[in-house]
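> A predicted structure for the sequence below; I have some questions about it.
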Amino acid sequence: MARLLQAMVLSWALAIGAAQAQNATQYSSRGLSINDPAAFTQSVALSMSRDRMEPIRRTMQEMLGVGQLSADLEVNITHMERYLGDQAGTEVVKLEDVSLAGALRRIYYMNSYPNSFLFTRWDFTRGADGWVLTGITFGSSWNSVNANPVTPGWTVTRD
């Protein structure tokens, strides 16, 4: 019964997250195995200060198992690169690390640049062999990546 309830909550959380990401650029796939989601996202966020959207591009290529991203994804990444400009980032902040029953995990980051912000949400699912990166959402505002305040059942980890 507990497993059934956990599966129902997981399905509900995924449906809500997908439905509320209307203003963001969100991509999901079959996944990319990640040993330590916190260390992985911190590393990518720090490299985004220097390389802007290139780390997201590389991660999506790995996650999707392709050498060339689809045209619509390239357009969205290029649009964000132009929005961010050519200057290096000035600050990287881990906003939240939330999980649901040890089965789902979302990590939110904000990268600031001289004239803009980049918010990212990293979605992970617990697989048989550990965590799997299943989705990346990015946008220019917190509202574009944050579907809801923490809902019942989710636990928050703050540094």
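All right, it came through fine.
> From the centroid of the chain, which residue is nearest?
When the chain is reduced to its mean C-alpha position, the closest residue under C-alpha atoms, centre = their mean turns out to be residue 122, at 2.0 Å.
> What strand or helix carries it?
strand 116-127 (DSSP states H and E).
> Just checking: what are the partner strands of the helix or strand that that strand is followed by?
Following strand 116-127 in sequence order, the next helix or strand is strand 130-139 (DSSP H and E). As defined by DSSP bridges, the strand partners of strand 130-139 come to strand 25-34 (antiparallel), strand 116-127 (antiparallel).
> closest to residue 40 out of these?
Comparison of the strands paired with strand 130-139 against residue 40 by C-beta to C-beta identifies strand 25-34 as nearest, at 4.8 Å. All C-beta atoms are positioned from the backbone trio N, CA, C, and that covers glycine.
> what angle sits between the following helix or strand past that closest one and strand 130-139?
Proceeding C-terminally, strand 25-34 gives way to helix 37-51 as the next helix or strand, assigned by DSSP H and E. Going by axes from the mean of the first three to the mean of the last three C-alpha atoms, to 10 degrees, helix 37-51 is angled at 40 degrees with respect to strand 130-139.
> could you give the mean pLDDT of the helix or strand just after helix 37-51?
Scanning forward in sequence from helix 37-51 by DSSP H and E, the next helix or strand is helix 54-64. Taken as a whole, helix 54-64 has a mean pLDDT of 88.
> Please apply the same query to stretch 109-129.
91.
> Now that stretch: buried residues?
Judged by neighbour count (16 or more other C-beta atoms under 10 Å), stretch 109-129 contains these buried residues: 109-111, 113, 117-124, 126.
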